[in-house]
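# my questions are about this predicted structure, shown below with the sequence.
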Amino acid sequence: MLSVDGLGILSDDFVVVGRKPSVVREFGTRGTGFLGRVVLSKGDDPVLGRKVLVDLATSHVILVLGKRGYGKSYTLGVLVEELASLPYSVRSRTAVIVIDTVGIFWTMKVPNRDQKELLKKWGLEPKGFNVKVLVPKGTLPFYLEYGIPVDGYFAIRPSELGVTEWLGLFDLDLDSEAGSLLAGAVVEAEDKVGNYDLDDLIRIVGEMDASPHVKRSVAMRLAAAKEWGLFDKNAPRTVEYARAGAVNVIDVSTFKGAFGGQSIREVVVAVLGKKIFEERMKYRKVEEIQEMKTGRPVSEMPLVWMIIDEAHLFMPRGRKSVAKDVLSDWIRVGRQPGLSLVLATQRIDRMSDDAITQADIIIGHRITSYLDIQALSAVRPTYAGDSLDKHLATLPHTRGLAVLMDDVTEKVWVIRVRPRMSWHGGGSATALVKL
């Protein structure tokens, strides 16, 4: 038995969520991450029991829920830390992409020295992580001027957007004059130029057979898109952001909406998700061939984890979204090609049912909104029974406490998420400072 002074930890045993018992017997805890500990008592400072380990070696859809300020982004950071800490044999087969909607995950580069003593009680120590932080091109000078540690800028080749993404970006219908013109220009640019830039697209629009005001309308949209700092014909191919062993943080916090259409952030996720999905579907076949020949299912394309904060922005309930269509494919068939999603939201009632019903691991922090509780309860797994409502209703105010539901073990746990080893950037801004 393990007893740590000041924490009330009573066990050194563990439970692995998201992994079948047969796999645990064969591989043990290799390829798992330390998420937290099981809560054994009530109150704001409960006694803690077994370690909670989460499987990170196979595909999952993990849903992280809770109202603002109770630990969603913190828990995402813990999962990213664990993915970055996997042994080389597993990490070299894994790529991690974090879609940072708030601009806080750059702090993972900085050790959490403020909680050194707390980390010691958990058997951990402060540590910064080798994450690659990419920001919009237009904001890069600001980050560099103030010494904020970033590694470069993120951009997409215009040629990697299909007709659907271009129309969604500008909220145009294919049957409209402007939509038809833009779609025709995109097809022509693909055929005649290949890796085209926005100037090529504007030129082709001007050469096409359409009324002057329609051509001017489309050209103005494309000219405005040049100012976003998103498009660059010399940018890496999107699949290159999914490099084996790498954790890429893509900061989309400064991207705004586009002409009343779907947000630029949605298009970023749609393009990334679509290209990675297509590539993994191809390379999964290569892995199966290798497994038949050598017994080792390996290829040059790693398994991919995409971690998205404020996920209701990308999988909205009740409206169309190019990102939702792509992420729904990841959710429905991503297990076979090795694609995992971690989706965090504080607005469960605004989230697509696909994301809730198909999640195999749900981590629920404190929820008080009736609509959110109703939305989650409506699709709760049968094994949760009435215990889910009871746990959510009685969960203490202490940050870091959560209800965990695991489809593999078909159990519901109350857990305390472990402290971050790296600095957490999700705190609230304040005008109060120490004098």
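Structure received. Residues are numbered from 1 along each chain as shown.

# could you list the domains of the protein?
By the assignment in automatic domain parsing, the chain contains the domains 14-156+235-417, 159-228.

# and the first one, how far apart are its ends?
Across its full length, domain 14-156+235-417 reaches 14 Å end to end, with C-alpha to C-alpha, to the nearest Å as the criterion.

# stretch 232-248 now?
19 Å.

# flag every buried residue along that stretch.
Buried residues in stretch 232-248, counting neighbours by 16 or more other C-beta atoms under 10 Å, are found at 232-233, 235, 238-239, 241-243, 245-248. No exception for glycine: its C-beta is placed from N, CA and C like everyone else's.

# using a markdown table, please lay out those residues together with pLDDT.
Shown next, in a markdown table, are the buried residues of stretch 232-248 (pLDDT from 0 to 100):
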| residue | pLDDT |
| --- | --- |
| D232 | 93 |
| K233 | 93 |
| A235 | 92 |
| T238 | 91 |
| V239 | 91 |
| Y241 | 93 |
| A242 | 94 |
| R243 | 93 |
| G245 | 94 |
| A246 | 95 |
| V247 | 97 |
| N248 | 97 |
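
# and these, which two are furthest apart?
Largest separation among these by C-beta to C-beta: K233 and G245, giving 27.6 Å.

# identify the residues contacting stretch 144-156?
Contacts with stretch 144-156, where a contact means C-beta atoms under 8 Å, 6 or more residues apart in numbering, come from 106, 109-110, 132-137, 140, 142-143, 229-232, 235, 238, 241, 250-251, 268, 271.

# in it, which residues are buried?
Of the residues in stretch 144-156, 150, 153-156 count as buried by neighbour count, 16+ other C-beta under 10 Å.

# again, but for stretch 359-369
By neighbour count on 16+ other C-beta under 10 Å, the buried set for stretch 359-369 is 359-367.

# farthest pair within those?
Greatest spacing in these, by C-beta to C-beta: D360 and R366 (22.2 Å).

# and the longest helix anywhere in the chain, what does it pack against?
For the chain, the helix reaching the highest residue count under DSSP state H is reported as helix 264-294. The elements that helix 264-294 packs onto, with contact taken as 3 or more C-beta pairs under 8 Å, 6 or more residues apart in numbering; DSSP states H and E, are strand 94-100, helix 163-170, strand 303-308, helix 322-333, strand 339-345.

# only the buried residues of that helix, if you could.
Residues of helix 264-294 classed as buried: 264-277, 279-281, 283-284, 287 (neighbour count, 16+ other C-beta under 10 Å).

# angle of that helix against helix 163-170?
Angular relation of helix 264-294 and helix 163-170 on a 0 to 180 degree scale: 150 degrees, by axes from the mean of the first three to the mean of the last three C-alpha atoms, to 10 degrees.

# quick check: the residue lying closest to T164 once chain neighbours are set aside vs F314, distance?
Leaving aside its chain neighbours, T164 sits nearest to V322 (6.1 Å; criterion: C-beta to C-beta, 6 or more residues apart in numbering). According to C-beta to C-beta, to the nearest Å, V322 and F314 sit 9 Å apart.

# distance to G425 added to the domains of the chain, as CSV?
Listed next are the domains of the chain as CSV, based on distance: least, C-beta to C-beta, whole Å:
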stretch, distance to G425
domain 14-156+235-417, 4
domain 159-228, 24
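
# out of those, which is the most enclosed?
Scoring those by mean neighbour count under mean count of other C-beta atoms under 10 Å gives domain 14-156+235-417 as the most buried, with a mean of 19.

# residue contacts, the most centrally placed residue in the chain?
Nearest residue to the geometric centre of the chain (C-alpha atoms, centre = their mean): I307, 1.5 Å. Residues counted as contacts of I307 (C-beta under 8 Å, 6+ apart) are 76, 79-80, 96-99, 341-342, 344.

# could you rerun that using 10 Å?
By C-beta atoms under 10 Å, 6 or more residues apart in numbering, the contact set of I307 is 62, 64, 76-77, 79-80, 83, 96-100, 105, 247, 249, 340-344.

# identify the contacts common to V322 and F314.
Shared contacts of V322 and F314 (C-beta under 10 Å, 6+ apart): 262, 266, 269-270, 273.

# and the two most separated of the buried residues of stretch 144-156?
Checking the buried residues of stretch 144-156 with C-beta to C-beta, the most distant pair is V150 and I156, at 17.7 Å.
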